[in-house]
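A.B. asks: Take a look and give me a structure for this.
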Amino acid sequence: SRSLAAEAWATATTSAEVSRACRARSSGSEPPAARPVTLIRSGLRATMSRAWVPMEPVDPRIATVRCCPTPPVSPTASGRRPPTAGRVRRCARVSARQASETSQQARVVDGARHTSAQAPRVARVFPAADIPAALRGRPFTVAAAVQAGVPPSRLRGSRFTRIVRGVYITSDTPVTLEHRCAAALLIAPPGSALSTQTAVSLRGLSLTGDDVVHVHVPPGAPAPRPREGIAVHRPVLGFDSVPHRELWLTTPGRTLLDVARALPDDELVVIGDHFARTGPGVRSLWCAVEDCPRHPQHRRVMRVLGRVRVGVDSPQETRLRLAIVRCGLPEPMVDVPVRDSGGGWIGQADLGYPRARVAIQYEGDVHRSTPRRWRQDIARDEAFVAVGWRVLRATAEDVRRPRTFCQRLAHALAAAGCDVSDA
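C.D. replies: Okay, the predicted model is just below:
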């Protein structure tokens, strides 16, 4: 066996080639002219200026090559040179990794005996009790985590979730729109504010189709690096901001101007009705828009504000009112009170025509899915009919296709003996 290993092929530069050489020698085939090789059971290490000398027979499956100081070897007849040191080191790492994966050394995990191939991988978890209170329930930057005593390597564990690059939150806190907005302000320069669709959503009116967080950066301030899910705007004109739930938003008037670039007039009226009910009111919106005469959307927003009404309870009611006007009918009043013959208050209609005594009620999903609310609506409508009012009920389908509903409304106005233009 010693002579068999000594006659291994000189062209073998890896353990696989050594194995093939030994199999060829055992079968009786003559190997080509060879240069000496060394087979040992240790690491694989060699250089181009060293040759390999046979020493002892070993199993070719686990054999590696050891270099011995000899004169440089010239290229072989086939033109191949000995492997470089980098290639030899890479082969050694691959061999070591394969040997580690196939080894059957047993170890004990959680009191059970497992082989290395079967042993479960135990993850290193940062204990929840060790998370500082200043980092719980709110977004924080890497610098804030380091200041609180949490190294950056711990942030890549299962106890933390990355919102955007450089901003994290604890994994037990669900990431909401407010958290994403707070993360955007953490990486924005001082004086920045949430704007456009994001400011509208934070004020309670959800706009579908835009999950990006929009941020206004003050003129002259350095813009943050681009990050996924954050849109940075650098307006030429300055802007005012107001606090809202520990966040900074552009004012309602400036928000209406900025969002007008991406929305049609009807949706601007919906936003204006919402701001008039939950915000400062129509007069304050007028004043805020008038203070920005150089804004590109100034004239258009001023026309839209003329269609804004106070007291609208939902965006669908605004869309229904605008659809009625587009069909050629007079605009109904908002929040029409209904009283009995003695002046007692019975209820309030979403939309209506007091002269024609026609009430319009918009029935959203909340009216249908809540049994108590549904029974209250039926009792209210019956009380309206008892005092001489006609009640028309509209749904989301009537908002999308208003022609049929408008025909019903026109017949109700005509049946009340009221001229449509005088309703």
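
A.B. asks: for stretch 344-352, which positions count as buried?
C.D. replies: Across stretch 344-352, burial judged by 16 or more other C-beta atoms under 10 Å covers 347-352. (Each C-beta comes from the backbone N, C-alpha and C, glycine too.)

A.B. asks: Of those residues, which is the nearest to Ala231?
C.D. replies: For the buried residues of stretch 344-352, the residue nearest Ala231 by C-beta to C-beta is Asp350; the value is 35.7 Å.

A.B. asks: neighbours of Gly253, just the number please.
C.D. replies: Neighbour count of Gly253, defined by other C-beta atoms under 10 Å: 25.

A.B. asks: contacting residues for it?
C.D. replies: 284-285, 287-289, 291-292 (C-beta atoms under 8 Å, 6 or more residues apart in numbering).

A.B. asks: Buried ones among the residues you listed?
C.D. replies: 285, 288-289, 292.

A.B. asks: which neighbours does the longest strand along the chain have in its sheet, and in what orientation?
C.D. replies: For the chain, the strand that runs over the most residues, judged by DSSP state E, is strand 345-353. Its sheet considered, strand 345-353 pairs with strand 333-339 (antiparallel), strand 358-362 (antiparallel) by DSSP bridges.

A.B. asks: Quick one: mean pLDDT for the last one?
C.D. replies: Spelled out, it's strand 358-362. Here strand 358-362 scores 95 as its mean pLDDT.

A.B. asks: what's the answer for stretch 372-391, then?
C.D. replies: 91.

A.B. asks: try stretch 411-423
C.D. replies: 78.

A.B. asks: got a list of what the spatially closest residue to Ser195 that is not a sequence neighbour touches?
C.D. replies: Once flanking residues are discounted, Ser195 sits nearest to His216: 4.2 Å by C-beta to C-beta, 6 or more residues apart in numbering. When contacts are counted by C-beta under 8 Å, 6+ apart, His216 touches 192-195, 233-235, 239, 241, 250, 258.

A.B. asks: Tell me the buried residues within those residues.
C.D. replies: Among the contacts of His216, the ones that count as buried by 16+ other C-beta under 10 Å are 192-195, 235, 239, 241, 250, 258.

A.B. asks: From Arg390, how far out is the residue nearest to Arg136 when sequence neighbours are not counted?
C.D. replies: Among residues not flanking Arg136 along the chain, Thr170 sits closest, at 5.5 Å (C-beta to C-beta, 6+ apart). Applying C-beta to C-beta, to the nearest Å, the value for Thr170 to Arg390 is 57 Å.

A.B. asks: so where does the spatially closest residue to Asp335 that is not a sequence neighbour fall, helix or strand?
C.D. replies: Leaving aside its sequence neighbours, Asp335 sits nearest to Gly311 (C-beta to C-beta, 6+ apart; 4.2 Å). Using DSSP states H and E, Gly311 is not contained in any helix or strand.

A.B. asks: wait, Gly311 sits on Arg277?
C.D. replies: Yes. Gly311 is within contact range of Arg277, at 6.6 Å (criterion: C-beta atoms under 8 Å).

A.B. asks: Look at these two and report which has more neighbours.
C.D. replies: Legend: neighbour count by other C-beta under 10 Å for Gly311 and Arg277, higher for Arg277 (18 against 14).

A.B. asks: residue contacts, that one?
C.D. replies: Neighbours of Arg277 in contact, by C-beta under 8 Å, 6+ apart: 310-313.

A.B. asks: so which of these comes closest to Gly204?
C.D. replies: Among the contacts of Arg277, and counting by C-beta to C-beta, the member closest to Gly204 is Asp313, at 12.2 Å.

A.B. asks: Around that closest one, how many other residues sit close by?
C.D. replies: 16.

A.B. asks: before we move on, what about Ala415?
C.D. replies: 11.

A.B. asks: got it, and the one 3 residues further on?
C.D. replies: Other residues near Cys418 number 17, with proximity taken as other C-beta under 10 Å.

A.B. asks: Do I have it right that it meets Ala356?
C.D. replies: Yes. Judged on C-beta under 8 Å, Cys418 makes contact with Ala356 at a distance of 4.0 Å.

A.B. asks: residue ranges for the helices of the stretch 101-250 of the chain, please.
C.D. replies: When secondary structure is read from DSSP state H, counting those that start in this stretch, the stretch 101-250 of the chain shows helices at 142-147, 177-187, 196-202.

A.B. asks: what's next to stretch 173-192, contact-wise?
C.D. replies: So stretch 173-192 is contacted by 136-141, 161, 163-164, 166-167, 169, 194, 198, 201-202, 213, 215-218, 221-225, 227, 229-230, 232, 241, 245-248 (C-beta under 8 Å, 6+ apart).

A.B. asks: Out of those residues, which end up buried?
C.D. replies: The buried subset of the contacts of stretch 173-192 - by 16+ other C-beta under 10 Å - is 138-140, 161, 163-164, 166-167, 169, 194, 198, 201-202, 213, 215-218, 224, 227, 230, 232, 241, 247-248.

A.B. asks: OK, contacts around the most centrally placed residue in the chain?
C.D. replies: Most central in the chain under C-alpha atoms, centre = their mean is Gly229, positioned 6.3 Å from the mean C-alpha point. Contacts for Gly229 were tallied using C-beta under 8 Å, 6+ apart; they are 164, 180, 211-213.

A.B. asks: With respect to Arg319, which of the residues you listed is nearest?
C.D. replies: Nearest member of the contacts of Gly229 to Arg319, counting by C-beta to C-beta, is Asp211, at 22.6 Å.

A.B. asks: Pull the contacting residues for the closest one.
C.D. replies: Asp211 makes contact with Gly229, according to C-beta under 8 Å, 6+ apart.

A.B. asks: Arg180 versus the closest residue to Ala260 other than its chain neighbours, what's the distance?
C.D. replies: Distances taken as C-beta to C-beta, 6+ apart place Gln297 nearest to Ala260, at 4.0 Å, with adjacent residues excluded. Between Gln297 and Arg180 the computed distance is 26 Å (C-beta to C-beta).

A.B. asks: now Pro189
C.D. replies: Taking C-beta to C-beta, one finds Pro189 at 18 Å from Arg180.

A.B. asks: Of these two, which one has the most company?
C.D. replies: Neighbour count, other C-beta under 10 Å: between Pro189 and Arg180, Arg180 has more, with 20 against 15.

A.B. asks: thinking again about what came up before, for burial, what's the neighbour tally of the residue nearest to Ala260?
C.D. replies: Gln297, neighbours per other C-beta under 10 Å, totals 17.

A.B. asks: Please report phi then psi for it.
C.D. replies: phi -100, psi 20 (degrees, to the nearest 10).

A.B. asks: List the contacts of the residue nearest to Asp335.
C.D. replies: Counted by C-beta under 8 Å, 6+ apart, Gly311 has contacts 277, 334-335.
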